[in-house]
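>>> Quick one: sequence plus predicted model below, questions after.
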Amino acid sequence: MTLTAFDTAGVLDLADLHVASRIGSLTGETDETVRLAAALAVRALRMGSVCVDLATVSGTVAILDAGELPWPEPAAWLDACARSPMVSRDGTPGRPLRLANGLLYLDRYWREEESIRRQLQQRATDPPAADLTRLRADLDRLFDASSCRQRLAAAVSTLRWVSVLAGGPGTGKTTAVARMLAVLRAQPGGPLRIALAAPTGKAAARLTEAVREAAAALPDADRAGIIGLQASTLHRLLGRQPGTRTRFRHHRAHRLPYDVIVVDESSMVSLTLMARLIDAIRPDARLILVGDPGQLASVEAGAVLGDIVAAPGLPEPELQSALTSVDTADSVITNGVVTLDRIWRFGGDLAALAAAVRRGDADAVVGLLRGGGGQLEFVETSAVECAGLREEVVDSLRAVAAAAAEGDAAGALRCLETHRLLCAHRRGPFGVAWWTAEVARWLGVPEWGDAVPGRPLLITANDYEAGLFNGDTGVIVQSPDGLRAVFARGEELVSVSPSRLSQAQPLYAVTVHRSQGSQFERVSLILPPASSPLLTRELFYTAVTRAKNGLRVLGTEEAVRTAVERPIARASGLRESLGVPV
Ligand SMILES: Nc1ncnc2c1ncn2[C@@H]1O[C@H](COP(=O)(O)OP(=O)(O)OP(=O)(O)O)[C@@H](O)[C@H]1O
């Protein structure tokens, strides 16, 4: 039977089969190929996709011998789905699946995608009024000749309800955000209510600090309304409702009171959360999405930022003409996206490597890694036997311990950022758990021992009372009051009693996912074998861009090439449909 073959091959799991068989029985659909399509639509969500493209799915299922499976012939398969009582094509209510432009969705996800598309397009057709003379004067005042893309981004965010500020680390996104807000505040009208938000507590804390630092460099009159802004998580902004992750206090009938909402790290925002956010924003409020579309996307389905950045978009003559009149129209703007490409913070081989990974140029990546340079090291033999890795890990953690024993909390935290060991996996010989045990062995300490000065910590759940967030990293230090666990929050320190920490792990290695949003002086990356499904371009790019000054990659050439050549193909309809008129 068709479904059994896909189950045996490991393409489908029990949950996919269960949902498909349930909707099959409820709707009276007995055709196995349609049930297979439904199971694949459920599976797609597990893989981060919003829908499944039945015409190409046989080629995108990343398992061995997928081609040998009894895939239905695409045209007949689509036809069977289109006729199925499970599937709505034209909005027939009460059907659990939806077929649109050859893509099969669970209906809820289609509705969310459709809502995002409609609202983005509507907001583009009715742009905000702006005082162009004032805008030009403020752009001239706040941006010099070397910052032309940041200037363009500020102009676009003034002239459009929704804008996207994309760029890799150190390309000046936060600097641009602070100046953008200064430009918006100088436009005529009442005082602006501004909200800053990010998908995680840790990212929100970083955004608060980064905006504060960037605002400090602004002229006095601009600084006042920006420097004290506090970012919150998106869940907090929307008003978490107990017991539910997707229903919020603010929604279409009770919108957020803000005039400008800036969302950082927006590559990590899922389709569902983005749909809720856009629903809750007044049509006459500005949304500025900031992020790096090359990075790992949300754990849940959807890659809305990446979709908007890659979508074709509709012409906006009014916007282009306004941009020309403020001297910024050096390119055609689609969907309000401005990508910053000048790297202000790091350069050299690391920047060249990041660019080659983004382009998907595996030869250049391998060449740069092998070429060495001062910043890059490629260890193609066994990672465990790499003396350089062991020495660096041990030296950096001993330096942390020495500062911690002397009660130098800031020094210990600084040493902790000098090197980070990253893994793709959590488990197995290439995973965090295995490497945590190995590093503890190198150090000669128990992996899960008592709190001792120098023990590095990773927080694994938000603790609002203590002011700690999932992903925060810190260290146990000696203090006059006994042992304290300290964490950096910008220039400030958060200090709590070690007994207060319920959700903390030893920080000897972390996953690339968890490291998203942080940077370290040097990074060592343990790559899994090429057969690992986690090995993707986004994962590799995210790891590479965590390093400020040096990167050591431990793995095979095959693993590097596989990663670089395998972009995560998250299926969605948004990318195509944004360019189609409403
Ligand atoms: N126009 C500019 N002129 C001079 N320096 C700049 C400019 N824009 C940014 N910088 C500097 O470049 C560095 C990185 O900028 P910023 O923090 O804004 O980048 P980012 O894209 O937000 O980085 P990340 O994503 O890594 O946090 C900062 O030190 C900032 O002062």
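Perfect, I can see it now.
>>> Next to the ligand, which bits of the stretch 251-400 of the chain? Give me the list.
Counting by CB under 6 Å from any ligand atom, the residues of the stretch 251-400 of the chain close to the ligand are 344-345. Every residue, glycine included, has its C-beta placed from N, CA and C.
>>> let's see 8 Å
When proximity is defined as CB under 8 Å from any ligand atom, the stretch 251-400 of the chain approaches the ligand at 290, 292, 340, 342, 344-345.
>>> Kindly report the same for the chain.
Taking CB under 8 Å from any ligand atom as the criterion, the chain approaches the ligand at residues 143-144, 146-147, 150, 167-177, 206, 210, 213-214, 217, 290, 292, 340, 342, 344-345, 519.
>>> ok, Pro74 - how many residues close by?
The local packing of Pro74 (other CB atoms under 10 Å) involves 15 other residues.
>>> Touching, it and Val52? I think so.
No. Pro74 is not in contact with Val52 according to CB atoms under 8 Å; the separation is 11.7 Å.
>>> what's the burial count for Gly228?
Using other CB under 10 Å, Gly228 has 11 neighbouring residues.
>>> one step back: only whichever of the residues of the chain next to the ligand are buried, select them in PyMOL.
Here is the PyMOL command that selects only those of the residues of the chain next to the ligand that count as buried (16 or more other CB atoms under 10 Å):
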select buried, resi 143+147+150+167+168+169+170+171+172+173+174+175+176+177+206+210+214+290+292+340+519
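>>> Can you flag which of the residues of the chain next to the ligand belong to strands?
Cross-referencing those against strands under DSSP state E gives 167, 290, 340.
>>> wait, what's in contact with Tyr105?
The neighbours of Tyr105, taking CB atoms under 8 Å, 6 or more residues apart in numbering as the test, are 41, 50-51, 97-99, 113, 573.
>>> okay, the closest residue to the ligand within the stretch 401-550 of the chain: pLDDT?
Closest to the ligand within the stretch 401-550 of the chain is Gln519: 6.2 Å, counting by CB to the nearest ligand atom. With respect to pLDDT, Gln519 has a value of 89.
>>> for it, what are its contacts?
With contact set as CB under 8 Å, 6+ apart, Gln519 has these partners: 169, 545-548.
>>> one more time with 10 Å
Residues near Gln519 by CB atoms under 10 Å, 6 or more residues apart in numbering: 169-170, 345-346, 417, 420, 545-549.
>>> got the residues of the stretch 251-400 of the chain next to the ligand as CSV, with pLDDT columns?
As requested, these are exported to CSV (pLDDT from 0 to 100):
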residue, pLDDT
Val290, 98
Asp292, 93
Leu340, 93
Arg342, 84
Trp344, 79
Arg345, 71
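>>> how about JSON lines for those residues, with distance to Pro127 added?
Below are those laid out as JSON lines (distance: CB to CB, whole Å):
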{"residue": "Val290", "distance to Pro127": "20"}
{"residue": "Asp292", "distance to Pro127": "26"}
{"residue": "Leu340", "distance to Pro127": "22"}
{"residue": "Arg342", "distance to Pro127": "27"}
{"residue": "Trp344", "distance to Pro127": "30"}
{"residue": "Arg345", "distance to Pro127": "33"}
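>>> that older thread, ok, of the contacts of Gln519, which come out buried?
By neighbour count, with 16+ other CB under 10 Å, those hold 169-170, 346, 417, 420, 545-548 as buried.
>>> Helices along the stretch 151-300 of the chain, start to end?
Listed in chain order, the helices of the stretch 151-300 of the chain (DSSP state H, counting those that start in this stretch) span residues 173-186, 201-216, 220-227, 234-238, 271-280.
>>> could those go into TSV alongside mean pLDDT?
Listed next are these as TSV, based on pLDDT from 0 to 100:
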stretch	mean pLDDT
helix 173-186	95
helix 201-216	91
helix 220-227	90
helix 234-238	94
helix 271-280	95
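>>> follow-up on the earlier one: looking at the contacts of Tyr105, which is nearest the ligand?
Minimum distance to the ligand across the contacts of Tyr105 is 26.2 Å, recorded for Val50 (CB to the nearest ligand atom).
>>> Leaving out chain neighbours, which residue sits closest to that closest one?
Nearest in space to Val50, with sequence neighbours left out and distances taken as CB to CB, 6 or more residues apart in numbering, is Ser572 at 4.3 Å.
>>> do Met180 as well
Of all residues not flanking Met180 in the chain, Ala154 sits nearest, at 4.3 Å (CB to CB, 6+ apart).
>>> quick one: buried residues of stretch 509-523?
The neighbour-count check on stretch 509-523 (16+ other CB under 10 Å) flags 509-520, 522-523 as buried.
>>> With stretch 22-37 instead?
Residues of stretch 22-37 classed as buried under the neighbour-count rule (16+ other CB under 10 Å) are 23-24, 27, 29, 31-37.
>>> Okay, now the unreliable bits of the stretch 101-250 of the chain?
Counting by pLDDT under 70, the stretch 101-250 of the chain contains low-confidence ranges at 244-246.
>>> ok, how many other residues are close to Gln295?
The number of residues packed around Gln295, counting by other CB under 10 Å, is 21.
>>> in the chain, which residue is closest to the centre?
With distances taken as CA atoms, centre = their mean, the residue of the chain nearest its centroid is Met268 (3.0 Å).
>>> Wait, that residue touches Lys202, no?
No. Met268 sits out of contact with Lys202 when judged by CB atoms under 10 Å, with a separation of 11.0 Å.
>>> what is in contact with these two at once?
Residues touching both Met268 and Lys202 (CB under 10 Å, 6+ apart) are 516-517.
>>> just to revisit the earlier point, ok, now which ones touch the residue nearest to Met180?
Contacts for Ala154 were tallied using CB under 10 Å, 6+ apart; they are 135, 138-139, 142-143, 147, 163, 165, 176-177, 179-184, 288, 326, 328, 338.
>>> Please name the spatially closest residue to Leu353 (chain neighbours excluded).
For Leu353, the nearest residue in space outside its immediate sequence neighbours is Leu368; the separation is 4.9 Å by CB to CB, 6+ apart.
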